[in-house]
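[1] give me a 3D structure for the following:
(2 chains)
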Amino acid sequence: MRGQLFAIVLAALGMASVHAVAQEFNLAIRNHKFEPAEIRVPAGKRVSIQVTNEDASAEEFESPSLKVEKVIPGKSKGVVRIGPLTPGRYEFFGDFHADTAKGVVIAE
Amino acid sequence: MFGALIIVFREVIEAGLIIGIVLAATRGVNGRGRWVATGILAGTLAAGIVALFAEAIANAFEGSGQELLNAGVLGTAVVMLMWHAAWMARHGREMAIEMAAVGAAVTAGKRPMTALAMVVGLAVLREGAEVVLFLYGILASGTSSSSLFVGAALGLAAGAALSALMYYGLVSIPARHIFTVTAVLIALLAAGMAAQAVQYLDAAGAINVLGTQLWDSSPWLPQDGIVGRMLHALIGYTDRPTELQLVAYFATLAAMAALTWLSTPARAAHARVV
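    The predicted structure follows:
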């Protein structure tokens, strides 16, 4: 019984790892601002955004509408995976510098 | 200063509410203060370590290390809460009778305090790592840091005060109901954590099923508002849940109920006969 359960879990994990390669986008954080501040992505698909933080300080990429909260340490990179999205505007911001770091993902 | 206050306050209440529930659930247990304090201390240390290695963690697993770590931390906390629930179902009734007879200050036997101390530690670790990174960023940029640290200290104080308020609200519940109330709170807490964990696995790209958003209640009760955040920490409220999050939530609630049911002595004895 336990062996069976283990096999099912393994199978499920295996299936989960065989997913389609998501389309990639790039985004930089420079002087507590996002560049570009606007990203157009295809609706209804998984999309991954490589965020490069060029500042010395950490930033948190946050977006309630995209369901993302991810800390990106200073001088490093992080991958944000989003979607599938219905067409529309999805705002995101840098939680540690919310007054300057703002951006939007447009799904179309 | 205000920004720092808000960020620290937010993280502190999320961990503080969990600590409040644990303290309320262990009322009358000898040495629980020491266990919880150990959990807080270990969590703070671990938060510092995680923040120190934040870059390595972020870059691990093709940029998904942070999400996988978060999912692992939450998953472990869920298991610990289940262990506690099963234990309480087995011994809770005798404890309630004892407490009613001798008053609240009884030794309640060997509760699985390690499990709850770990839950506290994991909660502090998760929220604390973010605070450490934020404050470190302020230090690194070298700008007028003193006012920001004042903000952070005020945020910590305000968060602790709100958590204490909730704790005193909980312990004002009559002793004969407190086991039921805290059992329900712990089940909801675990369900909320499981729902968060699957979202982290989805963000890490480890799971890619049932990712469709079910509803959007953010116009009525935004998750980033104060009430939304408290409900998020307490019962796992999410304003834009995915199908998988809802499945994980109710599956965990069902598992908690089943564990409690199976572990209750009378039923366990019955099950053995059958």
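
[2] does chain A sit close to stretch B:119-128?
    No - between stretch B:119-128 and chain A, judged by C-beta under 8 Å from any C-beta of the partner chain, nothing touches; the nearest distance is 10.9 Å. Quick note: C-beta positions are derived from backbone N, CA and C, even for glycine.

[3] quick check: B:F149 touching B:L5?
    No - in this structure B:F149 lies outside contact range of B:L5 using C-beta atoms under 8 Å: 10.6 Å.

[4] can you pull out the helices in chain B?
    Counting by DSSP state H, chain B forms helices over residues B:2-25, B:32-52, B:54-63, B:65-102, B:113-141, B:145-171, B:175-204, B:226-235, B:243-263, B:265-273, given from the N-terminal end onward.

[5] near chain A, anything from the longest one?
    Yes - with C-beta under 8 Å from any C-beta as the criterion, chain A is reached by helix B:65-102 at B:Q66, B:E67.

[6] elements contacting that helix?
    For helix B:65-102, the helices and strands in contact under the criterion 3 or more C-beta pairs under 8 Å, 6 or more residues apart in numbering or on different chains; DSSP states H and E are strand A:68-72, helix B:54-63, helix B:113-141, helix B:175-204, helix B:243-263, helix B:265-273.

[7] now for A:Q23: which residues touch it?
    Going by C-beta atoms under 8 Å, 6 or more residues apart in numbering or on different chains, A:Q23 touches A:V41, A:P42, A:K45, A:R46, A:V47, A:S48.

[8] model confidence for it, exactly?
    A:Q23 is assigned a pLDDT of 85 by the prediction.

[9] next one: A:R2
    53.

[10] show me which residues of chain B sit near chain A.
    By C-beta under 8 Å from any C-beta, the part of chain B that sits against chain A consists of B:3, B:7, B:54-55, B:58-59, B:62-64, B:66-67, B:129-130, B:133-134, B:136-138, B:140-141, B:199, B:202-209, B:211-213, B:218, B:222-224, B:239-240, B:242.

[11] go again using 6 Å as the cut-off
    Proximity of chain B to chain A, by C-beta under 6 Å from any C-beta of the partner chain, involves residues B:54-55, B:58, B:63, B:133-134, B:137, B:140-141, B:203, B:205, B:207-208, B:223-224.

[12] about what we covered before: more neighbours, B:F149 and B:L5?
    Set side by side, B:F149 and B:L5 give different neighbour counts by other C-beta atoms under 10 Å in any protein chain shown, the larger being at B:L5 (20 against 16).

[13] surely the more buried one touches B:V150?
    No - judged on C-beta atoms under 6 Å, B:L5 makes no contact with B:V150 at a distance of 8.4 Å.

[14] what ranges do the strands span in chain A?
    Counting by DSSP state E, chain A has these strands, from start to end: A:23-30, A:33-35, A:38-41, A:47-53, A:59-63, A:68-72, A:76-82, A:88-94, A:102-107.

[15] now distance to A:A98 and mean pLDDT too, for the helices of chain B, in JSON lines please.
    Conversion of the helices of chain B to JSON lines gives the following (distance: least, C-beta to C-beta, whole Å; pLDDT from 0 to 100):
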{"stretch": "helix B:2-25", "distance to A:A98": "7", "mean pLDDT": "89"}
{"stretch": "helix B:32-52", "distance to A:A98": "20", "mean pLDDT": "93"}
{"stretch": "helix B:54-63", "distance to A:A98": "20", "mean pLDDT": "84"}
{"stretch": "helix B:65-102", "distance to A:A98": "20", "mean pLDDT": "82"}
{"stretch": "helix B:113-141", "distance to A:A98": "12", "mean pLDDT": "87"}
{"stretch": "helix B:145-171", "distance to A:A98": "14", "mean pLDDT": "90"}
{"stretch": "helix B:175-204", "distance to A:A98": "20", "mean pLDDT": "90"}
{"stretch": "helix B:226-235", "distance to A:A98": "15", "mean pLDDT": "88"}
{"stretch": "helix B:243-263", "distance to A:A98": "25", "mean pLDDT": "93"}
{"stretch": "helix B:265-273", "distance to A:A98": "52", "mean pLDDT": "58"}
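
[16] skip the chain neighbours and tell me the closest residue to B:D216.
    B:R240 (5.1 Å; C-beta to C-beta, 6 or more residues apart in numbering or on different chains).

[17] mind listing what the closest residue in space to A:P36 that isn't next to it in sequence touches?
    Nearest in space to A:P36, with sequence neighbours left out and distances taken as C-beta to C-beta, 6+ apart, is A:L27 at 7.1 Å. With C-beta atoms under 6 Å, 6 or more residues apart in numbering or on different chains as the criterion, the residues that contact A:L27 are A:F34, A:I49, A:V51.

[18] highest neighbour count among the residues you listed?
    Neighbour counts for the contacts of A:L27 were taken using other C-beta under 10 Å; the highest belongs to A:V51, with 25 neighbours.
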